[in-house]
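[1] with the input below, show me the fold.
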Amino acid sequence: MDTRHVVVDTLLGKITLVASGESVVGLYFSHHWHRPALDSLGAEVPVADDALLSLAAGQFGDYLAGERTSFDLPTATHGDPFQERVWRLLRDIPRGETVTYGELAARLGDKALAQSVGQAVGRNPLSVIVPCHRIVGADGRLIGYAGGLKRKQFLLDLEEPALAKAGRLF
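    Here you go, the predicted structure:
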């Protein structure tokens, strides 16, 4: 496959976008917990020279600027069967909503899988595009985001419904 990557400056710092063939396969922040080895990302290409990665970078920038609410990109993930099931569930969490690791585990049929769900969420290769930032701890606290909790808070604040924002005093 033709694997390649770009590094792009964003409101959340530098991100690395990875494509393989005609699909986006990775979005990683600097200091990402489970970032793949550099040699597995393929050649670094100029963003302007790759139509797919340029589209992905543009959509990500628009998303962070509040000008886009979802992504329209061809994507592919290559996890084990359990990870793929978890990542499919992440895609179904509506913008502006959060769920807990336990709730995802229950959707998979066993609340005892919460820790395994957390491990799969942490290995999501398409941060933000597959919205793993929408998962919170059992008590609603922000925990466990591979891109860092400040980024997670930024993304949740960005996605918070206008009515909820208006109802907050601070």
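[2] alpha carbons only for contacts and neighbour counts from here, please
    Will do.
[3] what is the burial count for residue 35?
    Residue 35 is flanked by 18 other residues according to other C-alpha atoms under 10 Å.
[4] tell me the contacts of it?
    residue 28 (C-alpha atoms under 8 Å, 6 or more residues apart in numbering).
[5] also residue 86?
    Shown in contact with residue 86 (C-alpha under 8 Å, 6+ apart): 104, 117, 120-121.
[6] do residue 112 as well
    Residue 112 sits in contact with 102, 105, where contact means C-alpha under 8 Å, 6+ apart.
[7] per-residue confidence for it?
    We note a pLDDT of 94 for residue 112 in this prediction.
[8] got the residue ranges for the helices in the protein?
    51-64, 81-91, 101-107, 114-122, 149-159, 162-167 (DSSP state H).
[9] what's the closest of these to residue 42?
    Proximity to residue 42, assessed across these by C-alpha to C-alpha, is greatest for helix 51-64 (13.0 Å).
[10] what bridges to the residue nearest the centre of the chain?
    The C-alpha lying nearest the average C-alpha coordinate of the chain belongs to residue 127 (C-alpha atoms, centre = their mean; 1.7 Å). Beta bridges link residue 127 to residue 130 when assigned by DSSP bridges.
[11] correct me, but it touches residue 28?
    Yes - the pair residue 127 / residue 28 is scored as a contact, 6.6 Å apart, by C-alpha atoms under 8 Å.
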